[in-house]
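Colleague: Okay, predicted coordinates and the sequence, questions at the end:
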Amino acid sequence: MCAQTETAEIDSDRDATTIRLDDLTKRYGNVTANDAVSFSVDAGEIFGYLGPNGAGKTTTIRLLLGLIKPTAGTADVLGADITDRRALTEVKADIGYLPDSLGFEERLTGQQVLDYFARMRGDERRAELLELFHPPLEKPVETYSHGNKRMLGIVQAFMHDPELVILDEPTSGLDPLKQDRLHAFLEDERDAGKTIFFSSHVLSEVQRVCDRVGIIRDGGLVALEDIDDLLERGGKDVRVHLAEPVDEKRFTTPAMIDVETVDRTVRFTYTGEANALLGHLVRFDVEDVEIADPQLDDIFKHYYGDSTPGETG
Ligand SMILES: Nc1ncnc2c1ncn2[C@@H]1O[C@H](COP(=O)(O)OP(=O)(O)OP(=O)(O)O)[C@@H](O)[C@H]1O
């Protein structure tokens with residue numbers, strides 16, 4: 001390979017990576033909120049950062065924005081080292097941020113809050129965003145519902161048309177219709193080339209909108225995968241309805257996990273070959289079989305054990 005091609009490849013790799021974390025670590029006393037976390041987020045993807053309460057998601061986000069300092073490790077965002085204040089300030093015009101709690105001066109009206117951010121960074125997309133997410137602009141923010149605060153925050157995060165948007169639990173407090181609207185909007189932004197990093201403890205939304213997912217637990221990254229691979233590796237969700245009750249031990253093979261039997265129905269996650277499953281089932285008096293893609297919730301159980309999201313931490 002000639003030197004020129006090599007340089008071009010390095011440049012395109014740099015362009016393709018919007019966020020890169022390298023052993024990023026943050027300790028608070030004896031709590032390790034982020035423990036040597038490493039991954040990268042590519043330009044033009046929706047990256048889901050998934051984990052239960054207290055897992056360390058907000059800590060990572062605050063580190064990436066330079067709001068807190070790492071104890072060890074490094075990261076860069078849009079090419080700026082997060083510990084280089086000047087470099088980070090330069091790229092901030094290209095970053096939108098929805099914090100977990102908004103920190104707006106609550107006596108100001110929504111309009112005044114947006115005017116404040118507009119003076120700092122611009123607001124060329126304000127009108128378009130207000131058509132989609134309409135917080136009550138004339139009222140003081142202190143009178144807003146949680147959902148309306150979220151809507152105002154979303155308008156604020158996107159209105160200067162940034163290249164990268166970092167959203168901390170953006171759908172918390174939004175009703176299902178508004179969640180759907182946000183998800184559709186995020187997909188449109190991604191299709192227009194924007195990079196979206198969002199944290200969530202809601203598996204179904206990550207499954208629905210993300211291209212890749214990083215799963216964090218107790219400060220450590222436990223999985224980093226394409227959503228499709230994660231679903232594939234999670235096996236198939238199978239329900240077998242039998243003519244007669246069956247001895248679960250006789251029915252179960254090593255490729256079946258999380259087996260549950262209720263009356264004449266056996267439900268399990270199947271991780272083996274389809275032919276082997278069909279060969280096995282013909283030995284039983286089967287009335288019906290349902291085979292579906294697994295829900296991320298089920299896959300999540302494999303990473304988190306028995307605790308469901310929100311119960312750990
Ligand atoms: N300023 C702080 N001082 C001490 N401990 C902190 C501080 N901030 C976070 N922690 C601890 O670090 C760990 C990770 O917290 P973090 O807020 O990053 O988790 P999270 O995944 O964002 O949780 P949630 O979904 O509840 O917002 C928790 O144990 C938390 O108590």
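Modeller: Cool, the structure landed.

Colleague: ok but residue 24 is inside a helix, no?
Modeller: No - according to DSSP: H, G, I helix; E, B strand; the rest coil, residue 24 belongs to no helix; its state is strand.

Colleague: pretty sure it is touching residue 70, no?
Modeller: Yes - between residue 24 and residue 70 there is a contact under CB atoms under 8 Å: 5.6 Å. All C-beta atoms are positioned from the backbone trio N, CA, C, and that covers glycine.

Colleague: list the contacts for residue 120?
Modeller: By CB atoms under 8 Å, 6 or more residues apart in numbering, residue 120 lies in contact with nothing.

Colleague: and if we set it to 10 Å?
Modeller: Residues near residue 120 by CB atoms under 10 Å, 6 or more residues apart in numbering: 92-93, 160.

Colleague: do residue 121 as well
Modeller: Residue 121 neighbours (CB under 10 Å, 6+ apart): 92-96, 156, 159-162.

Colleague: What of residue 59?
Modeller: Contacts of residue 59 by CB under 10 Å, 6+ apart are 24, 26-28, 31-34, 37, 67-68, 70, 216, 219.

Colleague: Please read off the pLDDT at the nearest residue to it once chain neighbours are set aside from the model.
Modeller: Nearest residue to residue 59, sequence neighbours excluded (CB to CB, 6 or more residues apart in numbering): residue 33, at 4.0 Å. Predicted confidence (pLDDT) for residue 33: 97.

Colleague: Tell me both backbone torsions, phi and psi, for residue 33.
Modeller: With angles defined as degrees, to the nearest 10, residue 33 sits at phi -70, psi -30.

Colleague: immediately after the longest helix anywhere in the chain, which helix or strand?
Modeller: Counting residues, the longest helix in the chain under DSSP state H turns out to be helix 176-191. Along the chain past helix 176-191, the next helix or strand (assigned with DSSP states H and E) turns out to be strand 195-200.

Colleague: partners of that following strand, with directions?
Modeller: Paired strands of strand 195-200, with direction, are strand 46-50 (parallel), strand 164-168 (parallel) (DSSP bridges).

Colleague: The residue nearest in space to the middle of the chain and the ligand: what is the separation?
Modeller: Centroid check for the chain by CA atoms, centre = their mean gives residue 48 as the closest residue, at 1.9 Å. The spacing between residue 48 and the ligand, counted by CB to the nearest ligand atom, to the nearest Å, is 13 Å.
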